[in-house]
Each structure stands twice: as structure tokens, then as C-alpha cells.
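**Q** Need the 3D shape of this:
(4 chains)
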There are 2 protein chains.
Amino acid sequence: MKVSREQAERNRREVVHSAARLFRERGFDGIGLGEVMRAAGLTHGGFYKQFASKEDLVREAMSCALERGRMKWNERVAGADDPLASFVHGYLSPEHRDHPAEGCSFVALGAEAARRDDEALRQVFETEARGYLDLLEGLLDDASSPARRDRALASLSTLVGALLMSRVVRDPELSADFLRAAAAFVLQPR
Amino acid sequence: MKVSREQAERNRREVVHSAARLFRERGFDGIGLGEVMRAAGLTHGGFYKQFASKEDLVREAMSCALERGRMKWNERVAGADDPLASFVHGYLSPEHRDHPAEGCSFVALGAEAARRDDEALRQVFETEARGYLDLLEGLLDDASSPARRDRALASLSTLVGALLMSRVVRDPELSADFLRAAAAFVLQPR
DNA sequence: ATTATCTATAGATCTATAGATAATGC
DNA sequence: ATTATCTATAGATCTATAGATAATGC
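**A** Okay, the predicted model is just below:
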């Protein structure tokens, strides 16, 4: 029943990754620890040897999901002709819209995280928000630094809001309109 | 124990309003029917005489909250010097950010609604999204009608995303930056 | 000997239903 | 007689804990 320290570490990581997917897919309250552990190939009794509480797992899963997402976007823009357009079109793509379990956690869980009474969780979201803002800022060509910062703040807002709206409406045309119009708005020359 | 038809109707409305507040405050899964009924001054056993299921209440509460919110914005802009600026500054105000229970349901519950397996609920959000788009479109002064529509789509996205981001970060300064930068972005002349 | 994981369970929820009760409204 | 609301409860969750088990690692 016991496994090696390395295997235990791999198991722990698998729990975090399963949780990160399942939380985004079903919400923090929509999935139990039993199912998270089962998705990681374990039984629910072993959970508290690795984590202090569900709250603890929520924090770790969000930190992992947000950071890995950001790294993915970083890689994507690094190899692109037009890095800003590459980021915007990737973020506002039908693929991203249709796969929340692997997508942006601000959209999938930001509102839920905001109302949790857990300052550490909101700190995780804040740190990652700054990371995304820095990423975006680096892709902008505004003359002044404050202008770039403000444009990054507004652009991130537009991206997050458009993805959210594109997911909640039923009509595929209206959904696509949100993605298209938001991309044009963010990419417009000024 | 029985009450008059009019009182029963008032009770039902009170349940819907309590639910609309509590869902926005705690999430669809974060509040039980018992507490919703208690907030309306009733006991949980009477719930199913008025509603078919919790799903049914979720739909009705969201329809009510979204429509009443839209009406409120409509009244606000009707009496304003600069209707667009009035809407944008009201929506992106610290008051709105700090009172999700009375605020925009797209931000508080859009992501949760999007993942529910309930087409009727997403239809409610879609109908109200069109209502908000029409409202915004009427405040814009772009020359062509398609340009106004696209700007409405992008502006609504920016508003929703900025309010969400302003709620999830911990630092009051960063939170205010989202609100301020997004408002400037939406209101910029073009 | 230590410990990662397992089975089993306590105690607190939650949705939904059953049947009793008492006031309305024909 | 009808019915809006009440009390009580069934059955299914959920988080967290207790104690057993068996493989690791000193």
C-alpha cells in the first residue's frame, strides 16, 4: 500500500492536475474530493495525508493551472510573427471557448474565487493577474509605459469578459460575435 | 397555515428575490433551498408547491435579476447628461464591485451558468445579453450600425471582464486600476 | 520503524417527498 | 373542498477522521 517517495510525489501532482481540470469543469462546489482522488487513480481516504483541506487543494490547483496557462501563452507568442495577434486570436478561439477544463481560470473560476473567504486564494489570482498583465504589456507598442499598462489592464478585461460571454450564450453566432468583436477591439490600431 | 392567493404570490416573488441575491453572493451550489426559503420567511418544505426543482428556481432568479438590473441601468442613463459615461462609470464603480449580491449576474454567475446542463438557463442569459447589447448600442455614436453593434459587443465584454478582475484581486490599487483603465478604454473617442 | 494509501464511518449537509394542518374561497 | 405552508424524513451526497495494511527505506 505504501509507495516510494517519488511515486507519492507524482501521485500528489496528479491530484493537483485532476483537481485543476475538474474545478474548471464543474466549479469548486461541483466536485467532491472523492471524485478528484478517483480521477487521479487513488481513493479519497488518502487525501488528507497530502493536503490540509479542500481549501488547500483549491489554492494549489488554481496556482498550478494559472501559471501553466500563462507559460503556454508565453511559448505561443514567443514563436509568432505578430505576438499580440497570436495571443488574442488564440485566447478568443472557439477551441478555448469550448474547452474550459483546460482553459483560463479567471473566466472559469474567477467569480467563485472572489467570493471565497480565502485571502490566500485571492493572492494567487492577483499574482497571476500581474503575470498576465506583464505578458500583455510586453506585446504592446504604445509609446509611454503608463499607456501600455492601462491598455494591458483594459485588454485583459476585454479578453476575459468576451470568453465568459461567448460561453454563456446559446446561439453559436452571437457567441462567435463576442469573440470576433472583442479581438478586433483589442487589436485596433490607436 | 394557508394564506390568500395574493399573499402566496408575494411569498413566491420573495423566494425568487432572495434566491437571486443569495445565488450571486454564494453561487448556485453554495446555498441550499432551506436557507433560501428561510431568507424569504418560509420553511423549506413549501418549496415544491411553488417550483418544480432547484433548477427551475435558478432560471427564474436569474431571469429576474438580469432583467431588473437592465431596467435599473436604463433608468440611470435616461436621466444622464452623458448616458454612455454614466452607464460605464456606474457599472465600473467600487459600489458595484463591492456588492455582487445586488450586481451584474453575468459577472457573478455567468461562468457557472455556462457549465450547467440547462439550455433554458443559457437562453435566459442570451436573451438578457441581447438586451444589454441593445442598451449599449443605443448609447454609442459610431456612424454605421455594424460598427455600433461590434463596439457594443466589445464594450460589454470589457465591462464584464473588468468587474470580474477587480473582484478577484486582493490589492485595492490593482482592483481600482482595472475599473479605471477599462472605463477609459470603453469611453475613448474613435 | 515509518508512512502512503486503503477501507470504513461520523456528522453535517442537500434535494426532494409524504402527510398533517389550518386558513381561504367557493 | 381546496391548498399554501408546515414538520418530519428518506436517500444521497460531502468533508474530514480513525485505524488497518503493506511496502519503503533506514
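**Q** so how many other residues sit close to A:Ser175?
**A** 21 (other C-beta atoms under 10 Å in any protein chain shown). (C-beta placed from N, C-alpha, C; glycine too.)
**Q** doesn't A:Ser93 make contact with it?
**A** No. Look at A:Ser175 against A:Ser93 with C-beta atoms under 8 Å: they stay out of range, at 11.9 Å.
**Q** While we're on the residue in chain A that DNA strand D sits nearest to, how confident is the model there?
**A** Relative to DNA strand D, the nearest point of chain A is A:Gly32 (2.7 Å; C-beta to the nearest atom of the strand). Here, the pLDDT recorded for A:Gly32 equals 98.
**Q** Likewise for the one 10 residues further on?
**A** According to the per-residue confidence, A:Leu42 scores 97 in pLDDT.
**Q** what about it, which SS state?
**A** A:Leu42 falls in the coil class when you classify it by DSSP: H, G, I helix; E, B strand; the rest coil.
**Q** Quick check: the gap between it and A:Ser63.
**A** Separation of A:Leu42 from A:Ser63 (C-beta to C-beta, to the nearest Å): 21 Å.
**Q** Which one of those two is surrounded by more residues?
**A** Between A:Leu42 and A:Ser63, counted using other C-beta under 10 Å, A:Ser63 has the larger neighbour count: 20 against 17.
**Q** Now do the contacts for that one.
**A** By C-beta atoms under 8 Å, 6 or more residues apart in numbering or on different chains, the residues touching A:Ser63 are A:124, A:128.
**Q** can you map out the helices along chain A?
**A** Here chain A has its helices, by DSSP state H, at A:5-26, A:33-39, A:47-50, A:54-78, A:83-91, A:94-98, A:105-115, A:119-137, A:145-168, A:172-187.
**Q** Switch those helices over to TSV; also include distance to B:Ala120.
**A** Listed next are the helices of chain A as TSV, based on distance: least, C-beta to C-beta, whole Å:
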stretch	distance to B:Ala120
helix A:5-26	20
helix A:33-39	26
helix A:47-50	36
helix A:54-78	30
helix A:83-91	29
helix A:94-98	20
helix A:105-115	21
helix A:119-137	31
helix A:145-168	13
helix A:172-187	16
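**Q** For B:Leu135, find the nearest of the ones you listed.
**A** helix A:145-168 (14.5 Å; C-beta to C-beta).
**Q** What mean pLDDT does that closest one get?
**A** 97.
**Q** Which parts of it count as buried, going by neighbours?
**A** Residues of helix A:145-168 classed as buried by neighbour count (16 or more other C-beta atoms under 10 Å in any protein chain shown): A:148-168.
**Q** burial of A:Asp134, as a residue count?
**A** Count around A:Asp134 with other C-beta under 10 Å applied: 12.
**Q** Distance check, it against A:Leu156.
**A** A:Asp134 is 11 Å from A:Leu156, by C-beta to C-beta.
**Q** just A:Glu35 next, same as before
**A** Counting by C-beta to C-beta, the gap from A:Glu35 to A:Leu156 is 32 Å.
**Q** and what of A:Asp56?
**A** 28 Å.
**Q** so which of the helices of chain A gets nearest B:Phe125?
**A** helix A:145-168 (4.6 Å).
**Q** Around DNA strand C, which positions in chain A sit nearby?
**A** A:1-3, A:5, A:7-8, A:11-12, A:37, A:42-46, A:49-50 (C-beta under 7 Å from any atom of the strand).
**Q** check those against DNA strand D, which are close?
**A** A:1-3, A:5, A:44-45.
**Q** Need those in JSON lines (columns: distance to chain B and neighbour count).
**A** Output for these, formatted as JSON lines (distance: C-beta to the nearest C-beta, whole Å; neighbours: other C-beta atoms under 10 Å in any protein chain shown):
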{"residue": "A:Met1", "distance to chain B": "34", "neighbour count": "3"}
{"residue": "A:Lys2", "distance to chain B": "36", "neighbour count": "6"}
{"residue": "A:Val3", "distance to chain B": "34", "neighbour count": "10"}
{"residue": "A:Arg5", "distance to chain B": "35", "neighbour count": "8"}
{"residue": "A:His44", "distance to chain B": "19", "neighbour count": "13"}
{"residue": "A:Gly45", "distance to chain B": "24", "neighbour count": "10"}
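**Q** what's the farthest-apart pair in those residues?
**A** Top of the distance list for those (C-beta to C-beta): A:Arg5 and A:His44, 21.8 Å.
**Q** Could you count how many residues lie near the residue of chain A closest to DNA strand D?
**A** The burial count for A:Gly32: 13, using other C-beta under 10 Å.
**Q** For it, give me its contacts.
**A** A:Gly32 neighbours (C-beta under 8 Å, 6+ apart): A:His44.
**Q** Which phi and psi values does it adopt?
**A** Dihedral pair for A:Gly32: phi -90, psi 160, per degrees, to the nearest 10.
**Q** same question, the one 10 residues further on
**A** Dihedral angles phi and psi of A:Leu42 (degrees, to the nearest 10) take the values phi -130, psi 180.
**Q** Which residue comes closest to it once chain neighbours are left out?
**A** A:Asn11 (6.3 Å; C-beta to C-beta, 6 or more residues apart in numbering or on different chains).
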